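Participant: Structure of the sequence below:
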Amino acid sequence: MGDKKKGKMKVPRSILRRAYQRKRAFFQLERDKQLELDKQRAANMSRWWPQVESSSPTKAT
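Facilitator: Residues are numbered from 1 along each chain as shown. Take a look at the predicted model:
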């Protein structure tokens, strides 16, 4: 891992960065969708059971 100066990496950094950003954007979208679903579910839950919101953590992962 230590020899960055010797140019062992065959893949150009720009391509790596682009792929990484695309992947991150995709995961961001997925997580936003999941968060939106969780919010709706929590809203529905709290409408019927107001005490659920405080007792259970709303972390879905």
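
Participant: residue ranges for the helices of the protein, please.
Facilitator: 13-48, 52-55 (DSSP state H).

Participant: Lowest average pLDDT across the ones you listed?
Facilitator: Least confident of those, judged by mean pLDDT, is helix 52-55 with a mean of 50.

Participant: picking that back up, now the helices of the chain in JSON lines, please, with extra columns for mean neighbour count.
Facilitator: To be clear about C-beta, it is placed using only N, CA and C from the backbone, and glycine gets the same treatment. As requested, the helices of the chain are exported to JSON lines (neighbours: other CB atoms under 10 Å):
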{"stretch": "helix 13-48", "mean neighbour count": "11"}
{"stretch": "helix 52-55", "mean neighbour count": "10"}
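
Participant: Distance of residue 21 relative to residue 42?
Facilitator: 30 Å (CB to CB, to the nearest Å).

Participant: An error on my part: the question was meant for residue 31.
Facilitator: 16 Å.

Participant: now residue 19
Facilitator: For residue 19, the distance to residue 42 equals 34 Å [CB to CB].

Participant: Also residue 32?
Facilitator: Applying CB to CB, the value for residue 32 to residue 42 is 15 Å.

Participant: do residue 34 as well
Facilitator: 12 Å.

Participant: ok, now residue 24?
Facilitator: As judged by CB to CB, residue 24 and residue 42 stand 26 Å apart.

Participant: Then residue 17?
Facilitator: For residue 17, the distance to residue 42 equals 36 Å [CB to CB].

Participant: same question, residue 30
Facilitator: 18 Å.

Participant: same deal with residue 10?
Facilitator: Computed as CB to CB, the residue 10 to residue 42 distance reads 47 Å.

Participant: just residue 29 next, same as before
Facilitator: Distance of residue 29 to residue 42, computed by CB to CB: 20 Å.

Participant: Over to residue 35?
Facilitator: Separation of residue 35 from residue 42 (CB to CB): 10 Å.
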